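In: structure for the following, please:
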Amino acid sequence: MAEQIKKIHIGPAKCAVDLGDGSERGEYVNQDYILHTLGRPHRAINLMYCYYPLDKEWPGRISEVMKDADVSFQWDYPYDDYFPYKGGLNGNTEGEPFTFMRDVRRHGQDVCLTLTIDPNVSDDHLIAIAKDLRTFGRVMLRINHEATGDWFSFTKRTTCQGVADFYVHFHKILKEHAPNVSTILCAGVYDPNSGEIEKEKEFKEAILTTDTWSIDKYISLHWGWPFDVAERGGNSHSRAYPDDVFNSAKQSFERFKYLNGGTAKPMVMSELNADGDVVGPYEQAEIITEFCNMVKNEKAEWLSGFTLYQFRDRGRLGLEIEDPNNPDVGIPQPEMAAYKEIIHDDYFKPVITEKEEAQFPVKLRWGGAEDSEGISIPLHFDCNPTFCEITFEEDLNLMMEINGKWFYKSPKAKTIDFMSAFYEKPLTCECDLTLKIFAPPASGENDPAQGEDWDINYYSTINKMPNIRIRFEPTELKKK
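Out: Take a look at the predicted model:
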């Protein structure tokens, strides 16, 4: 068996799936729970934070600092009601979002950090943020998203042109101090009446400068939550249809591409969902399925990925609703099963290819969810197993896949039980499977001592073959 192991490479899906985890509407859910629930890692996990260090209320979360304020809209506070970014100038990387970023990366996913920032901060603040992110690999940074709107605090502190100029300026600082970070511009959407992107003139340079283009587009949304109830005839909610949103995203991409001289860049939808407050739980599941079927059936190569907003929500905009009695408990919605089926479709899964044969000790490279090298181990099954587990003597941090289901092994864990991979997909006959193993960084951060490419690649070595135990009968059989 050891002689048959091969190097493998994980690369991009036709359309990547990312997941929002925590926001003004819900708390962060740990990656172990999400992995067990959905059965596979995402390309990236989107974390939503704000940075307003010049305000007297900082660094408190504004809705907690001003909990007695007379507020009738989510964004009526002095600054955005996201979790406070605890790094930056005079901050540190011991708290949020860095604890969650480490959790995301050790589970084989990239970090997508949404960060709203006061555009009046000095370059010292921006350089400090860039340095914060340097050790976290291929970070995607979404700066001041929905930038052509008027609800976020940063839009009220400067002009529209000022917001756009700030984006370009921060992008250039990142390229100098954290070249591992790529930027996502989430600004206007294509307007069919004008034939242009909203506020296209102001954001032209940002469109040309950014690494990735993006729009936020909900198929239905109750933006008045939690201050009112969405009822028919109300004016704090809306609904569209999957084809409306699909076409709007495609037209936006085409316009971005035109403005960029005909050259395409990656295009993503950074927030996508249907709000159950508007369409109810059953149609919510149908709508997201219909949208993803459109992406798949058209083979929409222009769409690099989308982010489902979000895993657990205090309202009805998540795969789970947060239990009002206990925020640590989620109540799965019908959309959960639909979304799980979507992300296990080959169109939305990363592509794993076999390379040359390998032998122990073997060195693995983790570059990120779309560019990493691991190993595969062939396994033979006489039938559906009764026991299937793996034991390591080494303190390794690993992501492993077998029979379509992914498992995490922390450095402290020795034995991982693979049997849950056969509960939903039992084997019906004798067959061969491969166990795939990758090694993201155990600390969640890259190591500057590892070489010139340390900020985008992390290296680990597996020195010896693990013990794999497969049995097809109970330890003790029933009496005849």
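
In: run through this structure and note the low-pLDDT ranges.
Out: 1-3 (pLDDT under 70).

In: change it to 50
Out: Judged by pLDDT under 50, the chain has its weakly predicted residues at 1-2.

In: just want the most central residue of it.
Out: By Cα atoms, centre = their mean, the chain has its centre lying nearest to Ile45, at 2.3 Å.

In: tell me the contacts of it?
Out: 18-21, 31, 104, 109-112 (Cβ atoms under 8 Å, 6 or more residues apart in numbering). Every C-beta, even on glycine, is put in place using the N, C-alpha and C of the backbone.

In: secondary structure element holding Thr37?
Out: When elements are assigned from DSSP states H and E, Thr37 belongs to helix 31-38.

In: centre of the chain versus the top helix by length along the chain, how much separation?
Out: In the chain, assigned by DSSP state H, the helix with the most residues is helix 276-298. Its chain's average C-alpha position is 19 Å from that of helix 276-298, according to Cα atoms, centre = their mean, to the nearest Å.

In: mind listing residues that contact the following helix or strand past it?
Out: Once the chain leaves helix 276-298, the next helix or strand it forms, by DSSP H and E, is strand 305-308. By Cβ under 8 Å, 6+ apart, the list of residues contacting strand 305-308 from outside reads 13, 15-20, 43-44, 46, 112, 266, 268-273, 288, 295, 319, 339.

In: direction included, what does strand 305-308 pair against?
Out: Sheet pairing of strand 305-308 (DSSP bridges) gives strand 16-20 (parallel), strand 267-272 (parallel).

In: using PDB, write out every CA atom in it.
Out: Extracted C-alpha coordinates of strand 305-308, given in PDB (Å, rounded to 0.1, in the frame of the first residue of the first chain):
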ATOM      1  CA  GLY A 305     -17.600  31.700  -7.000                       C
ATOM      2  CA  PHE A 306     -20.300  32.800  -4.600                       C
ATOM      3  CA  THR A 307     -20.700  33.200  -0.800                       C
ATOM      4  CA  LEU A 308     -23.900  32.000   0.800                       C
END
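
In: circling back: pull the distance from the helix holding Thr37 to the chain's centre.
Out: Helix 31-38 sits 13 Å away from the centroid of its parent chain (Cα atoms, centre = their mean).

In: what's the answer for stretch 354-366, then?
Out: 27 Å.

In: how about the closest residue to Asp455 other than its chain neighbours, secondary structure?
Out: Excluding the flanking residues, the one nearest Asp455 by Cβ to Cβ, 6 or more residues apart in numbering is Asn180, at 4.2 Å. Three-state assignment for Asn180 (DSSP: H, G, I helix; E, B strand; the rest coil): coil.

In: so Asn180 makes contact with Arg138?
Out: Yes - contact status for Asn180 versus Arg138: in contact at 6.0 Å, counting by Cβ atoms under 8 Å.

In: give me the common contacts of these two.
Out: Joint contacts of Asn180 and Arg138 (Cβ under 8 Å, 6+ apart) are Ile456.

In: and the gap between the residue nearest to Asp455 and Phe360?
Out: 30 Å (Cβ to Cβ, to the nearest Å).

In: for these two, indicate the residue with more neighbours.
Out: A count of neighbours by other Cβ atoms under 10 Å puts Asn180 above the other of Asn180 and Phe360, at 20 against 13.

In: what's the local residue count around the nearest residue to Ile219 once chain neighbours are set aside?
Out: Of all residues not flanking Ile219 in the chain, Ala274 sits nearest, at 4.2 Å (Cβ to Cβ, 6+ apart). The number of residues packed near Ala274 is 28, by other Cβ under 10 Å.

In: show me the contacts for the residue nearest to Asp455.
Out: Contacts for Asn180 (Cβ under 8 Å, 6+ apart) come out as 133-134, 136-139, 455-456.

In: kindly recompute the last result at 10 Å.
Out: Neighbouring residues of Asn180 by Cβ atoms under 10 Å, 6 or more residues apart in numbering: 130, 133-139, 174, 368, 446, 453-457.

In: filter those down to the buried ones.
Out: Buried by 16 or more other Cβ atoms under 10 Å: 130, 133-139, 174, 368, 446, 454-455, 457, out of the contacts of Asn180.

In: filter those residues down to the ones in helices?
Out: Applying DSSP H to the buried ones among the contacts of Asn180, the entries found in helices are 130, 133, 174.
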